Every structure is written in C-alpha cells, then in structure tokens.
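A.B. asks: next comes the sequence, and after it the predicted model I'd like to discuss.
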Amino acid sequence: MNDFIDLTADSDDDQVNAKDQGQSLLAKFLKPSQFLPSTLKRKSPHDSVGNGGDGFPKVISNGTYKPASDEIFTVKNEETNPLSFFGNGSDASSRGSSVSLSKKEQQRRESLSLDPPKKQTSSSRDSSNQAQRKRASNSEDEIRVPPSTSPAPPTKCFPAVSVVVPAPTSKNKVVLSMKKSPRKIKRMSSASLESSGEESDPDKPIGLKTKYYPLDLDKVRAAKGRYPQVRTTAAQHVAVTPFHRPGNVRSAQSKLFYLRENLDRRLRAIKGPPVTMAGEWNGTSLASNFEFINTYKLQKGVARVPDEFNAGCGCGPYCDPARCTCLSQEEDTEERMVAYERKNRQLVLKDSFISKKTMIYECNSYCGCGKDCWNRLVQHGRTVELEIFQTGSRGFGLRSPDPIVRGQFIDCYLGEVITSAEADLREDAASSKNSPSYLFSLDFIHMDDEDPYVVDGKRLGGPSRFMNHSCNPNCKMFTVSTHHGDSRIYDLAFFALRDIPSGTELTFDYNPDWNGDRNEDPNAVKCLCGESQCRGQLWPNQRKSTKDD
Ligand SMILES: C[S@@+](CC[C@H](N)C(=O)[O-])C[C@H]1O[C@@H](n2cnc3c(N)ncnc32)[C@H](O)[C@@H]1O
C-alpha cells in the first residue's frame, strides 16, 4: 500500500485512483463521522492555521485568485489540521468535491465558471495545469505545487481536507477580470467612425479619433497658455541702435525716430551740460556728414605756436588784478584791464568790458595761480544747457533752456581750422552762393606777412555753429587767448550782452564792424532777423570769407 498520494496525477484514471486511495486511507485512520462535510468557517486572523506568513492560509483558485484575509473561507476539520493547505483549487476540487461539496455548491461554482461543468480533455487539462503551475511558480508568495517527482506527504498525517473557494465578491470579480483579460485596445475603422456618428471627412486621417488626436492641437495649447502671447509694439518704442539703416525703416515716423536717435547719439558726444534737439524737429538734416567736436580740429597748413613761446604771470596762488601780467592794458593809461568779475557767486564778463573790442588773455599753465583763479573762465568750458531748434526761415537756431545773465559765457565757436586759401576754395566750391556759411576768420590780430586762419564749422563744429545773425543781437563774440605767444589761433567765445530769458534765441552780429552805410549788394545774403534796425543783409557782399570781390 502506498503511503503517498500523487497529487499531480494527470489522467482521470490516476485521479480516480488517487481519490480512491485517499478515501481508503481516510477510512483507515478516521471515524465515519469525520468524513461528513466539514463546517464552513470564516477564517479569523487569530487562527494560527496556515502558512501565509500573517497567520492566514493562502488559497489559490485557478492560480490567480487571492482573496482578502477577511474573505477567506476554509473547510476545516474539527481536529487540528497538521498540514497546511498546499495545492491549487483545481487539485482541491478534484480531490475533495466528491466528498464535501454539496450539489447546490457545485452548481454555484459552475455558474461562476470556477468549476466548468464541461469535462476537460486530458490534453487541455494538462496544459491548463502546466500554465497554472507556471503562474504559481512565478509568484513568490504563492504556495508552489510540488513537481510530479516529489513525494506525497506521509499518509499517516493526511487529514480529510477539502477546500471551498468562496464566491467572488464584486471586488474580487474586478481582480479576476483584470488579471484574466488583457488590456484591450479598441481599434476603430473609418466605418466605425461613420457609424459612431462622427462626420466622414475624406481629409481626416483614417483610424484617428480627433478627440484624442485633435487636429487643432496648437489652438488647444494656445488656449491653455502654452505659447507666449503675441505682442504688438509701436515702432517708436523700438530701440534703434546705430546699426539700423534708414533703408530698413519703412514709415516716415520710424524714419524720423531713427534720425533723432542718430542725432541724439552725436549730441551726447558733446562735453559739458546737455545739448539737445528741440522736440518739434522735423528731421531736417543738420548738414551732410556733420559731427560735433569739443576742440578745434587743425587741418593741413595750420599749426600752433610751440608751447615754449607761451608765458604766464608770477602772481602766486592768487592773481593780483592790479599787477597780473596776463591782463591786457589800456592803450592810453597802460592800466590793466580785468575782464571777469564774480556776480552772485558766478564768474561773468565785467560790465565795463562788454563794450570793449580787446582780446581777453586768461591765465594758463605757466601761471602760479590755480584753476580757481578769477582769470580763468572760457578755458573751463560751457556752463549752460543748449537746445538746437528750427527757426523756419533761417534754418536752425540756438537757444538755452536756462536763463542767462548779462556777461555770462555761453560757448566757443568750433570747427576745422583751415588756411585762408583752403577757405576760399571751399567757398567757391559751395553749390550755391546763398548756402549757409560757417566760416570765421581769425583775423583779430592783423599780420602783414601771413594770412589769418579760418574756422570752418560746416562739417565739424560745436552747438554755437547754429547761432544766427541778428542786427540787434543778445550775444557778442570775444577773442580769448590762453597761449599768450600765439596770435593766430585763439578762441571765439560768446558772451551774453544782456540777461536772456530761457528759450530765447541766441544771436550775435556777423558783421560788428558795419559802418552804418546801407550800401546794399544785390548778391548779399538777405537778413531775416526781423529787428526794427535790420540792415537788410548779413555781410557787405556775397563773400563771407577772406577774399574781397
Ligand atoms: C553759422 S550759420 C547759422 C546756422 C544756420 N541757420 C543753420 O541752419 O545751420 C550761418 C547761416 O545761417 C543763415 N542765417 C543766419 N542768420 C541769418 C539771418 N539773420 N537771416 C537770414 N539767414 C541767416 C545764413 O544762411 C548763414 O549763412
């Protein structure tokens, strides 16, 4: 007699034999009452039976079902079961159903497809069992079915045990369905799209549902704010760099903006207080290739007297107006003429000096005095803000947003310093005799053997180059020298003849030696100063430079 039952018997005959053997064994060791159907008991967590690690036996149905601990039902013998359950549900049912399952229970299981009523063929059951074993072996926690070669448990310990797999709850059904049926991908054909009520569009990609693959995905994303918003910017707010070219500018407004930016860049190159262009500027060009400069630009044939020919005073830290050798002297009395004085803590031209025609000699680097000496004013540069504006009939003009007091220094006339011969050539080459002239002769000191230099502010110049002529001017040009040994190059400095309210056009007399004759030259440039005592012309004749016609 065999002591072991081969639980892995494959054929029906083997199973029958094993069943018969088990029953005979049971009959041998157990009383008849112990064959009766066992009592269904809900497994309690406190029961120590089982080998599930947590005190629960693990029940496997069809290799997939693991009921929750509070849903496990076992058929338990009244006596202590020395063996924990092993095997799977099919094995258990094949062994125990004939002895413990009621007919009603059997029908319920069949309705749940746990025990198919259809008799399995040997081959299909074999493959099913193999698959179940394979699945069981893949799970670490599941009880493994011993291979067919492993010995059966000792018969003396074999109890009459049967297992009833509980009816799956709705929760368990979900688990079953999830494990049993793989995830299905629903495929749709164009026919199914039509039948599902969607429009049949020949241009639509077949098989793609626009619900999941929207054709207007960019719009959907834009609506969600995925893309940065498009912003429109006015052209005048766009920063224009010097690399922008007028050819790239389309509108007149943006062209004017470009020109202003370009002009502002050039104006910012001027040293001292700001020089600006008035807001009503219509874009009229200052001059072709005009650039602002801060000092004279000496051109070919022009040279300064070497510095060793310069000289200074020996007054010490503070110059004595009565003895400073820098100052010019009155012709008659040889009294030293003091050009500047302090008024309201500001250094200005003395009232007594405004009417004079003498050159102003300021202290220089050879003097013992410091930079705060009262005889240093023009050399410190401009102190007032200036604004270029359009006069209308006289081209550009110059004014200051600051109020200017009488005697206040305004600015120097700057430009290229050229020879008289060069100045004549430039004037002759001018396209029109009435074109603006920017030539200023440095002829204050007359020299028999040398022609004076000429300052040309046409291409290079300072803001004072925009000062127009007036027959009743509010400014006057003075010659100022810091190099006392150089009689050919000196400064042309503008001073206020009277208090000038802010915004008033700054003007000076282009021909201060005018003798009062109204000897009009029909070719002379007409004066448009508008003053009541207007002379009618800027210069005695059409020539503006050194050469007399
Ligand atoms: C040194 S520029 C003065 C700035 C000039 N208005 C401009 O737009 O560049 C001298 C020229 O200005 C013009 N101008 C100056 N004063 C004038 C006046 N009172 N009447 C007419 N034209 C004048 C003449 O064309 C003259 O040749």
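C.D. replies: Structure's in. What do you need?
A.B. asks: CA only for contacts and neighbour counts going forward, please
C.D. replies: Noted.
A.B. asks: tell me how many other residues surround residue 428.
C.D. replies: 12 (other C-alpha atoms under 10 Å).
A.B. asks: report the buried residues of whichever strand or helix holds it.
C.D. replies: Element membership of residue 428, judged by DSSP states H and E, is helix 420-429. By neighbour count on 16 or more other C-alpha atoms under 10 Å, the buried set for helix 420-429 is 420, 421, 422, 423, 424, 427.
A.B. asks: and that helix, what's its mean pLDDT?
C.D. replies: Helix 420-429 shows an average pLDDT of 89 in the prediction.
A.B. asks: so which elements touch it?
C.D. replies: strand 454-461 (3 or more C-alpha pairs under 8 Å, 6 or more residues apart in numbering; DSSP states H and E).
A.B. asks: next secondary structure after the strand it packs on?
C.D. replies: strand 468-469.
A.B. asks: tell me which strands that following strand pairs with, and in which orientation.
C.D. replies: strand 507-508 (parallel) (DSSP bridges).
A.B. asks: near the ligand, which residues of this protein?
C.D. replies: Counting by C-alpha under 6 Å from any ligand atom, the chain comes close to the ligand at 394-397, 435-438, 465-470, 526-529.
A.B. asks: try it again at 5 Å.
C.D. replies: Contact residues (C-alpha under 5 Å from any ligand atom) of the chain with the ligand: 394, 395, 396, 436, 437, 438, 466, 468, 469, 527, 528, 529.
A.B. asks: which ones among these are found in strands?
C.D. replies: 396, 468, 469 (DSSP state E).
A.B. asks: distance of the last one relative to residue 359?
C.D. replies: Okay, so that is residue 469. To residue 359, residue 469 is 21 Å away according to C-alpha to C-alpha, to the nearest Å.
A.B. asks: neighbour count: these two, which is higher?
C.D. replies: residue 469 (21 against 18).
A.B. asks: in contact with that one, which residues?
C.D. replies: Residue 469 makes contact with 507, 508, 509, 510, 527, 529, 538 under the criterion C-alpha atoms under 8 Å, 6 or more residues apart in numbering.
A.B. asks: let's have these in JSON lines, adding pLDDT.
C.D. replies: Formatted as JSON lines, the contacts of residue 469 follow (pLDDT from 0 to 100):
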{"residue": "507", "pLDDT": "98"}
{"residue": "508", "pLDDT": "97"}
{"residue": "509", "pLDDT": "95"}
{"residue": "510", "pLDDT": "92"}
{"residue": "527", "pLDDT": "92"}
{"residue": "529", "pLDDT": "95"}
{"residue": "538", "pLDDT": "87"}
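A.B. asks: count of residues packed around residue 224?
C.D. replies: Neighbours of residue 224 (other C-alpha under 10 Å): 9.
A.B. asks: any low-confidence regions in the stretch 301-450 of the chain?
C.D. replies: 431-434 (pLDDT under 70).
A.B. asks: hang on, the earlier thing: list only buried entries from the residues of the chain next to the ligand.
C.D. replies: 396, 437, 438, 466, 468, 469, 527, 528, 529.
A.B. asks: for the residue lying closest to residue 490 once chain neighbours are set aside, give its distance to residue 409.
C.D. replies: Closest residue to residue 490 apart from its sequence neighbours, by C-alpha to C-alpha, 6 or more residues apart in numbering: residue 481 at 5.0 Å. Distance, residue 481 to residue 409, using C-alpha to C-alpha: 14 Å.
A.B. asks: more neighbours: those two, which one.
C.D. replies: residue 409 (26 against 23).
A.B. asks: just give the closest residue to that one, not the sequence neighbours.
C.D. replies: Using C-alpha to C-alpha, 6+ apart and skipping the chain neighbours, the partner closest in space to residue 409 is residue 495 (4.5 Å).
A.B. asks: so that neighbour sits against residue 480, correct?
C.D. replies: No. Residue 495 is not in contact with residue 480 according to C-alpha atoms under 8 Å; the separation is 11.2 Å.
A.B. asks: what about the residue nearest to residue 468 when sequence neighbours are not counted, neighbour count?
C.D. replies: If the residues on either side of it in the chain are set aside, residue 468 comes closest to residue 507, at 5.2 Å by C-alpha to C-alpha, 6+ apart. Residue 507 sits with 24 neighbouring residues when counted by other C-alpha under 10 Å.
A.B. asks: so residue 507 sits against residue 477, correct?
C.D. replies: No. Under the criterion of C-alpha under 8 Å, residue 507 lies out of contact with residue 477, with a separation of 10.0 Å.
A.B. asks: look up the closest residue to residue 534, ignoring the ones flanking it.
C.D. replies: residue 471 (5.1 Å).
A.B. asks: which ones are touching that neighbour?
C.D. replies: Residue 471 makes contact with 508, 509, 529, 531, 533, 534, 535, according to C-alpha under 8 Å, 6+ apart.
A.B. asks: can you check residue 359 too?
C.D. replies: 328, 478, 479, 480, 481.
A.B. asks: out of those, which one has the weakest pLDDT?
C.D. replies: Lowest in pLDDT among these is residue 328, which has 88.
A.B. asks: quick one on the thing from earlier: take the residues of the chain next to the ligand and write them to a markdown table, including distance to residue 222.
C.D. replies: As requested, the residues of the chain next to the ligand are exported to a markdown table (distance: C-alpha to C-alpha, whole Å):
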| residue | distance to residue 222 |
| --- | --- |
| 394 | 58 |
| 395 | 55 |
| 396 | 53 |
| 436 | 60 |
| 437 | 63 |
| 438 | 62 |
| 466 | 56 |
| 468 | 61 |
| 469 | 65 |
| 527 | 67 |
| 528 | 64 |
| 529 | 64 |
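A.B. asks: of these, closest to residue 317?
C.D. replies: residue 466 (38.5 Å; C-alpha to C-alpha).
A.B. asks: so where's this protein uncertain?
C.D. replies: Ranges of the chain meeting pLDDT under 70: 1-211, 214, 226-250, 431-434, 517-520, 542-549.
A.B. asks: and it, what are its domains?
C.D. replies: Per the record, the chain has its domains at 12-180, 206-250, 269-306+376-508, by automatic domain parsing.
A.B. asks: OK, contacts around residue 273?
C.D. replies: Going by C-alpha under 8 Å, 6+ apart, residue 273 touches 382, 383, 384, 385, 386.
A.B. asks: which residues in the stretch 251-400 of the chain form strands?
C.D. replies: With DSSP state E, counting those that start in this stretch as the criterion, the stretch 251-400 of the chain has strands at 275-277, 291-292, 297-298, 340-343, 346-349, 360-361, 386-390, 396-399.
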